[in-house]
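Trainee: Got a sequence here, can you model it:
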Amino acid sequence: MMTYEPIIGLEVHLQLSTQTKLFCGCRTTFGAAPNSQTCPVCLGLPGVLPVLNARAFEWGIRVAVALDCTIAGVMKFDRKQYFYPDLPKNYQISQYDQPLARDGWLEVTVGGETMRVRIRRVHLEEDAGKLLHDQHATQSLVDFNRTGVPLLEIVSEPDLRSPDQAYEYLVALKALLQYLDVSTCNMEEGSLRCDTNVSLRRAGDSALGAKVEIKNLNSFRGVKLALEYEMQRQGALLDRGERIVQETRLWDARKELTSSMRSKEEAADYRYFPEPDLVPFVIAPDVVKRVRAGLPELPAQRRKRFQDAHQLSEYDARVLTQDRALAGLFEAVLATYPKPKPVANWIMGDLSAYLNAKGLRADAIKLRPEALGHLLELIDGGTLSGKMAKELFPELIEQGADPVHVVTQRGLRQIVDTGALQRLADEVVAEFPKSVEDYQHGKANALMYLVGQAMRRSKGSANPQQMQDILKRKLDARHTPAGGSAS
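Mentor: Numbering: from 1, shown residues only. Here you go, the predicted model:
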C-alpha cells in the first residue's frame, strides 16, 4: 500500500451580522417567516440597482486586516452565473479577479507545534436563498429571506496536511472572528459554513492530485470526519490504480461518508464578468488605517497577556482564549476571586463539560462571574467540599443563583467538626467489618471504600481529607499489637 500526503484547503463563508443585506435595506433577522424579508433588489427584479452596505464593507476590511492581508487599492464586484432554484437572479454578485484582500495568514497550533496557514483571498459576496425539503410531502419550497445576506469568503492556501490541522485552523479562525464581533459564527444558523478541498499525492511528490470538494459540513467535527473518510476513499482508489475524479461530493453526517454531487466547476463555468450596476471601489489608505486602529485585543494577544499577567500555562491560556465569552468570564471572576489557576480549572473543566453536554454556548448561560468567585471562596473556607460545590454548580449556571444565599437557605455546610467526624467513622467501621479486615491485611483501597461510605452517609457533607485521616488513624490503631506501637 502506497503512502499518500493529503493536500487540504478550506473555504469559509462567514455571514456578517449586519442589520440589513449587502445591497438593499431588507432585514437579516434569523428565523423570520419565509419570504418576509425580500424586496425587488434582492429578488433581482428588472430595473433595480444594488447599493453596497457600508458596514459590511468596513467589517470585511476589519477581518482582512486581522488576518494580515494586503488590502486592495481598488476592488470590484462580478456576476457569478449559475442556475439554481434558490438564486432568483440566476447570478450571484461576488468578487473574482479584484477581491477585497489577498495574501494573509493565520497562526495555528497543532500538537504543540505552531504553523502559519496562508490566506489566499478574502472577498465579499451575497448569499443565495434556502431550499426547504421537509415542509411539503411532494414538493421542495424556496425561502428567499437569506438571498442577499452579506457573506465574507475566506479562502486558505492548500497548506493543511491533516484533518487535525484543518480542525485547529477552523477553531482558531472562529475565535478570531468572534473577537472581531462581526458575526455570531453560529453554524446551526448557517452564519459560519465551510467547504473543503482535498487531494492526495504520493509522499515526496510535488505535483498536486485531482481536487475533490466536500460540501454540507455542519460542524468542525464533521469537517474532520469528512476529510478522514475522503482520504481513505481516495487512497483506496489510487491503490487499485484508478483515477480520482475532480468533483463536488456531499458529506452524510448520519452515515459518515461522502457521495458524488456533481462534477467540479472551474471559474470559466461561471462566466464571470464585471457587475455593471456597481462601479469599482477605491479603498483609501486612511480607511484601512482607521479600521486597523480600531481592532480589539485579538486571541493571540489575549493569550500572551493571560500567560504574562496571570502566570497561566500556554495550554490553559490557549483554551480559555479560544472562546471570547469564556475568556471574558475568566477575567470577570478574578475581580471577586483573584486566584487565576483555580478559576481557569473550573471554567475549562466543570463549566466546559456542562456546556458540551447541553450543547450550549458560553454566552447563553446565566452564570454570574461573582457567583463562581463566591463558590470558590466557600470551598477555600471549608464551608463546601469540592463534591458539594460541583453538585451546586449547575444551579448557578441555569438559574444565576448566588452560592452564599443557597448555602444559607438550605443549611449546606461541610462537616468539619472533629467529634462529628469521629462518630461517623465509628459507624462506618462497625458497619463494614470486612473492609476493616481487608485493610488490616494490606489492601489499601479498603480505606478509600470506607471513606466513600462515610461520604455517602453524610450526603457529601463530610470533609473528605479529614474523614480519610480519622479513619486511617482508627484502623491503624486497631492493627497495633497490645503493648507495642504501630509498625
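Trainee: Contacts for the lengthiest helix in the chain, please.
Mentor: Longest helix in the chain by number of residues (criterion: DSSP state H): helix 220-239. Here helix 220-239 makes contact (CB atoms under 8 Å, 6 or more residues apart in numbering) with 1-2, 4, 6, 8, 10, 163-164, 166-167, 170-171, 174, 187, 194, 196, 198-200, 209, 212, 214, 217, 243-244, 249, 251, 253, 256-258. Where you see a C-beta, it was placed from the backbone N, CA and C, and this is true even at glycine.
Trainee: In this structure, which strand is the longest?
Mentor: As assigned by DSSP state E, the longest strand anywhere in the chain is strand 113-126.
Trainee: list the helices and strands it packs on?
Mentor: Applying 3 or more CB pairs under 8 Å, 6 or more residues apart in numbering; DSSP states H and E, we find strand 113-126 packed against helix 54-66, strand 91-94, strand 101-110, strand 150-156, helix 163-180.
Trainee: Let me know the angle separating it from strand 150-156.
Mentor: If you take axes from the mean of the first three to the mean of the last three CA atoms, to 10 degrees, strand 113-126 sits at 150 degrees to strand 150-156.
Trainee: Which is the succeeding secondary structure element to strand 113-126?
Mentor: Moving toward the C-terminus from strand 113-126, the next helix or strand (DSSP states H and E) is strand 130-132.
Trainee: Who are the packing partners of that next one?
Mentor: Applying 3+ CB pairs under 8 Å, 6+ apart, one finds that strand 130-132 makes contact with strand 141-143.
Trainee: circling back: mind checking how far the helix or strand that the longest helix of the chain is followed by is from the chain centre?
Mentor: Toward the C-terminal end, the helix or strand that comes next after helix 220-239 (DSSP H and E) is strand 247-252. Going by CA atoms, centre = their mean, to the nearest Å, the spacing between the C-alpha centre of strand 247-252 and its chain's C-alpha centre is 23 Å.
Trainee: Stretch 336-350 too?
Mentor: Centroid separation for stretch 336-350 versus its chain: 20 Å, with CA atoms, centre = their mean.
Trainee: list the buried ones in that stretch?
Mentor: Buried residues in stretch 336-350, counted by 16 or more other CB atoms under 10 Å: 336-337, 340, 343-344, 346-348, 350.
Trainee: Contacts made by that stretch with the rest, please.
Mentor: Contacts for stretch 336-350 (CB under 8 Å, 6+ apart): 306, 310-312, 316, 319-320, 326, 329-330, 333-334, 369-370, 372-374, 376-377, 390, 393.
Trainee: What helix or strand is Val12 located in?
Mentor: Assigned by DSSP H and E, Val12 falls within strand 4-15.
Trainee: Give me the distance between Asn87 and Lys130.
Mentor: I think there's a mix-up here, since residue 87 is Leu and not Asn. Look at Leu87 and Lys130: by CB to CB, to the nearest Å, they are 11 Å apart.
Trainee: neighbour-wise, which of these two wins?
Mentor: Applying other CB atoms under 10 Å to Leu87 and Lys130 shows that Leu87 carries more neighbours, namely 20 against 15.
Trainee: The more buried one is in contact with Gly129, isn't it?
Mentor: Yes. Counting by CB atoms under 8 Å, Leu87 does reach Gly129; the two are 7.0 Å apart.
Trainee: Show residues contacting stretch 158-175.
Mentor: By CB under 8 Å, 6+ apart, stretch 158-175 touches 5-10, 12, 106-111, 115-118, 154, 156, 185, 192, 194, 196-197, 199, 208, 220-221, 223-225, 227-228, 231, 299, 321-324.
Trainee: Specify the local secondary structure of Phe183.
Mentor: Heads up, residue 183 is Ser, not Phe. Classification of Ser183 using DSSP: H, G, I helix; E, B strand; the rest coil returns coil.
Trainee: Contact partners for it?
Mentor: Ser183 touches 14-17, 177, 191-192, counting by CB under 8 Å, 6+ apart.
Trainee: could you dump those to CSV with neighbour count?
Mentor: Listed next are the contacts of Ser183 as CSV, based on neighbours: other CB atoms under 10 Å:
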residue, neighbour count
Leu14, 26
Gln15, 23
Leu16, 25
Ser17, 18
Leu177, 25
Ser191, 20
Leu192, 22
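Trainee: Buried ones among the contacts of stretch 158-175?
Mentor: For the contacts of stretch 158-175, a burial check counting by 16+ other CB under 10 Å picks out 6-10, 12, 106, 108, 110, 115, 117, 154, 156, 185, 192, 194, 196-197, 199, 220, 223-225, 227, 231, 299, 321-324.
Trainee: CA atoms only for the helix or strand containing Ala357, dumped as PDB, please.
Mentor: Following DSSP H and E, one finds Ala357 within helix 352-358. This file holds the C-alpha atoms of helix 352-358, laid out as PDB (Å, rounded to 0.1, in the frame of the first residue of the first chain):
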ATOM      1  CA  SER A 352     -16.900  23.400  29.600                       C
ATOM      2  CA  ALA A 353     -18.100  19.900  30.400                       C
ATOM      3  CA  TYR A 354     -21.600  21.300  31.200                       C
ATOM      4  CA  LEU A 355     -21.700  23.400  28.000                       C
ATOM      5  CA  ASN A 356     -20.600  20.500  25.900                       C
ATOM      6  CA  ALA A 357     -23.200  18.100  27.500                       C
ATOM      7  CA  LYS A 358     -26.000  20.600  27.000                       C
END
